[in-house]
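What follows is a predicted structure for the sequence shown.
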Amino acid sequence: MKIYQLYLSLLKKYGNPKDFWAKWCKRKKTWQDKEEIALGAILTQRTSWQNVELVFKNLREANVLSIEKIYQVGKKSRGSLEELIRSSGFYKQKAQRLFQLCKFIIENHKSLERFFGQNLKTCRQQLLKIYGIGPETADSILLYAGDKPIFVIDEYTRRFVKKHKLSTKFSYDYLQDLFQKNLPRNVKTYQDFHAMIVLEGKGTSWDLQSSIEQRSLV
DNA sequence: GTCCAGGGCCGTT
DNA sequence: AACGGCCATGGA
């Protein structure tokens, strides 16, 4: 009950749903965008988005900013993949995690698009089997890259729950269920609400330029 | 120099 | 189930 009211009040604060996501996204997400979002979900684990941007810059300059290309680089030389993503921190594990994700997508599904052609539950189970991808990373990929209806619980969401005293329990599954039970099961609602929770948590005033650049941050 | 940032995994209680 | 240590960089 209360959750939905909070969602409405955030919409009021940040703008109506129609132009809210347009500001984040400006144009329709391409498959290239979606691949970046999926890769970013791993790169941003416990790391500032600023550091992740440095990685994207490297990958772009090296012309390897895609799942297929990362797979090829990782297969050929794990060391060079590590160097490319160094600035994201925890770079050895993250190189491993990125490679495992790309390998899984390419070898088992050929492309991210085909992977997402499966149903939500199947996609989620497969992502969670990849070493280094836990519930938050998996759900970020599903919601923001796959446009699948699953609510993301992260540190910002937990702070939001505490701030508004929405629960005394904070386990991932419990909170995810709590949000999903109190919201219409709708991709856009989940994306907008979570994105606005993050904005609230950052105390960031609306900054169009950086949100376009950071399109894949959420 | 110190602190912190959208996790996840592992070992210990 | 809960908690601490670990992984590592760059910017404030």
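Looks like it came in fine. Residues are numbered from 1 along each chain as shown, chains lettered A, B, ... in the order given.

hey, let's count contacts and neighbours off CA atoms from now on
Fine.

and chain A, which of its residues are near DNA strand C?
For chain A, the residues in contact with DNA strand C (C-alpha under 7 Å from any atom of the strand) are A:46-48, A:50-51, A:86-94, A:171.

Around residue A:87, how many other residues sit close by?
Residue A:87 is flanked by 19 other residues according to other C-alpha atoms under 10 Å.

Can you pull the phi/psi pair for it?
phi -70, psi -10 (degrees, to the nearest 10).

measure stretch A:151-158 end to end?
13 Å (C-alpha to C-alpha, to the nearest Å).

State the distance from residue A:172 to DNA strand B.
Separation of residue A:172 from DNA strand B (C-alpha to the nearest atom of the strand, to the nearest Å) stands at 9 Å.

So what touches the lengthiest helix in chain A?
Using DSSP state H to define each element, chain A has its longest helix at helix A:91-109. The contact list for helix A:91-109 (C-alpha atoms under 8 Å, 6 or more residues apart in numbering) reads A:39, A:42-43, A:67-68, A:70-71, A:74-75, A:78, A:81-83, A:85-86, A:111-112, A:115, A:127, A:130-133.

ditto for stretch A:142-160
In this structure, residues lying in contact with stretch A:142-160 by C-alpha under 8 Å, 6+ apart are A:33-35, A:37-38, A:116, A:120, A:123-124, A:136, A:139-140, A:170, A:172, A:175-176, A:179-180, A:185-187, A:190-191, A:194, A:197-198, A:201, A:216, A:218.

Is DNA strand B within reach of it?
Yes: Stretch A:142-160 is in contact with DNA strand B by C-alpha under 7 Å from any atom of the strand, via A:154, A:155, A:156.

buried subset of those?
Buried by 16 or more other C-alpha atoms under 10 Å: A:154, A:156, out of the residues of stretch A:142-160 next to DNA strand B.

nearest to residue A:10, of the residues of stretch A:142-160 next to DNA strand B?
Of all these, residue A:156 has the smallest distance to residue A:10: 14.6 Å, by C-alpha to C-alpha.

I'd like the distance from the helix or strand hosting residue A:83 to the chain centre, please.
Secondary structure from DSSP states H and E places residue A:83 in helix A:78-84. Taking the mean of its C-alpha atoms, helix A:78-84 sits 22 Å from the chain's own mean (C-alpha atoms, centre = their mean, to the nearest Å).

What is the burial count for residue A:107?
With other C-alpha under 10 Å as criterion, residue A:107 counts 11.

quick one: it from DNA strand C, how far?
Counting by C-alpha to the nearest atom of the strand, the gap from residue A:107 to DNA strand C is 25 Å.

same deal with residue A:177?
With the distance defined as C-alpha to the nearest atom of the strand, residue A:177 ends up 15 Å from DNA strand C.

ok, now residue A:77?
Distance of residue A:77 to DNA strand C, given as C-alpha to the nearest atom of the strand: 16 Å.

Contacts only, for residue A:83.
Applying C-alpha under 8 Å, 6+ apart, one finds that residue A:83 lies in contact with residue A:91.

In helices, which of the residues of stretch A:142-160 next to DNA strand B appear?
Those of the residues of stretch A:142-160 next to DNA strand B mapping onto helices are A:155, A:156, per DSSP H.
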